[in-house]
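Q: Need a 3D model of the sequence below.
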Amino acid sequence: MRVAFIGLGAMGFPMAGHVARAGHEVLVFNRSKDKALSWASQYNGQVADTPRMAANNADIVLVCVGNDDDVRSVVYGDDGALSAMKPNSILVDHTTTSAHLARELSEACSKQHLGFMDAPVSGGQAGAENGKLTVMCGAAETVYKQTCEVLNCYAQKHALLGTVGSGQLCKMVNQICIAGIVQGLSEALHFAQNAGLNTEQVIDVISKGAAQSWQMENRSHTMVKQEFDFGFAVDWMRKDLGIVLDEAKRNKSTLPITALVDQFYAQVQKNGGGRFDTSSLISLLK
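A: Coordinates of the predicted model:
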């Protein structure tokens, strides 16, 4: 396939690389051109000067940027991807955004006879680099099936959750779970340290039982060392939780733990930890 990839951040850079290595023709755009040139050098790909140029004649256009406004900035306008996409091609948004934006983009694509799928991802930078992401998809089934070959390049699991917007709603569920789990793990490790226990032994034992989680397996050892210089940043988690809490108001969900953890993350930001990994919640308990 001819694939355009827009956004080469910590996630997009390796994701686009997996697509290129699978044999697809990949044309990339990134706001920082130096990063795009670095990607092209590493993966023997091509660089476009605008989203429009990247999307021209592409079968699938993949977007992985920061937030709702970032998506709009690369999709709309004279230099945006939609201005050049050919009929029956597909726009896939891997950005974690609001469900409202997903529906907005779907409507814009429909007017141009384009397919659209919201497809936020989970698995972090390591998951992107290792091609083991989870992709949560919202689209018509025919659109989803046309994207599977590309999704398989960087996903260990992808699934169609329903119509457009369903992928973003599922990602919100994912972030609600993570917020509660990381806070619980932070308090547990804090308690273990204050109780004089060997935290390595504690983790080894309880990670084989009902308390096991991805966060425990992948973050607990660095959390007890107060090391937070990797993974998904607090700034991005607060963006995601803001989306969650806005949606909760609309669908009348009660999320007291999520709202509380969001404020804990706000304190981490205030302490200068906006770029820390989300496991830095434990730093508030010292």
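
Q: Going along the chain, name the helices of the stretch 151-286 of the chain.
A: For the stretch 151-286 of the chain, the helices defined by DSSP state H, counting those that start in this stretch occupy 166-194, 199-206, 214-223, 234-251, 256-270.

Q: same thing with the stretch 1-150 of the chain?
A: Using DSSP H, counting those that start in this stretch, helices in the stretch 1-150 of the chain cover 12-21, 33-43, 51-55, 68-75, 99-111, 124-130, 141-151.

Q: ok so, going back, Gln146 is nearest to which of the helices of the stretch 151-286 of the chain?
A: Gln146 lies closest, by CB to CB, to one member of these: helix 166-194, at 15.4 Å. Where you see a C-beta, it was placed from the backbone N, CA and C, and this is true even at glycine.

Q: tilt between the closest one and helix 141-151?
A: 50 degrees (axes from the mean of the first three to the mean of the last three CA atoms, to 10 degrees).

Q: Give the buried residues for helix 166-194.
A: By 16 or more other CB atoms under 10 Å, the buried positions in helix 166-194 come out as 166-172, 174-176, 178-179, 181-186, 188-190, 192-193.

Q: same thing with stretch 148-157?
A: Buried, per 16+ other CB under 10 Å, within stretch 148-157: Val150, Leu151, Cys153, Tyr154, Ala155.

Q: For those, work out which two are farthest apart.
A: Taking CB to CB, the two most distant members of those are Val150 and Ala155; they sit 9.3 Å apart.

Q: If you tally nearby residues, what's the number for the spatially closest residue to Gly274 that is not a sequence neighbour?
A: Among residues not flanking Gly274 along the chain, Asp235 sits closest, at 4.4 Å (CB to CB, 6 or more residues apart in numbering). Asp235 has 16 neighbours, counted by other CB atoms under 10 Å.

Q: Contacts for stretch 26-35, please.
A: 2-8, 12-13, 16, 19-20, 36, 39-40, 43, 45-51, 53-54, 58, 74 (CB atoms under 8 Å, 6 or more residues apart in numbering).

Q: Mean confidence (pLDDT) on that stretch, please.
A: Computed over stretch 26-35, the mean pLDDT rounds to 97.

Q: mind checking which of the helices of the stretch 1-150 of the chain is nearest Ala210?
A: That would be, of the helices of the stretch 1-150 of the chain and by CB to CB, helix 124-130, which comes in at 23.6 Å.

Q: quick one on the thing from earlier: I'd say the residue nearest to Gly274 and Asp277 touch.
A: No - the criterion here is CB atoms under 8 Å, and Asp235 misses it with Asp277 at 11.0 Å.

Q: So what's the residue count around Asp204?
A: If you count neighbours by other CB under 10 Å, Asp204 ends up with 10.

Q: What of Arg21?
A: The number of residues packed near Arg21 is 15, by other CB under 10 Å.

Q: check contacts around it.
A: Per CB under 8 Å, 6+ apart, neighbours of Arg21: Tyr43, Cys153.

Q: same thing with Val202?
A: Per CB under 8 Å, 6+ apart, neighbours of Val202: Ala192.

Q: Likewise for Val121?
A: In this structure, Val121 makes contact with Met11, Met15, Cys64, His94, Thr96, Gly127, Ala128, Leu133, Thr134, Val135, Met136, Ala155, judged by CB under 8 Å, 6+ apart.

Q: Domain-wise, how is the protein divided?
A: 2-163, 169-285 (automatic domain parsing).

Q: from those, which stretch is densest packed?
A: domain 2-163 (a mean of 20; mean count of other CB atoms under 10 Å).

Q: ends of it, how far apart?
A: By CA to CA, to the nearest Å, the extent of domain 2-163 from end to end equals 25 Å.

Q: do the same with stretch 41-49
A: This stretch, stretch 41-49, spans 16 Å end to end (CA to CA).

Q: any idea of the mean pLDDT in it?
A: Averaged over stretch 41-49, pLDDT sits at 96.

Q: before we move on, what about stretch 248-256?
A: 98.

Q: got the contact list for that stretch?
A: Ile176, Val244, Leu245, Glu247, Thr258.

Q: let's see it at 7 Å
A: Ile176, Leu245 (CB atoms under 7 Å, 6 or more residues apart in numbering).

Q: just to revisit the earlier point, what's the distance between the residue nearest to Gly274 and Val268?
A: 10 Å (CB to CB, to the nearest Å).

Q: ditto for Leu105
A: 32 Å.
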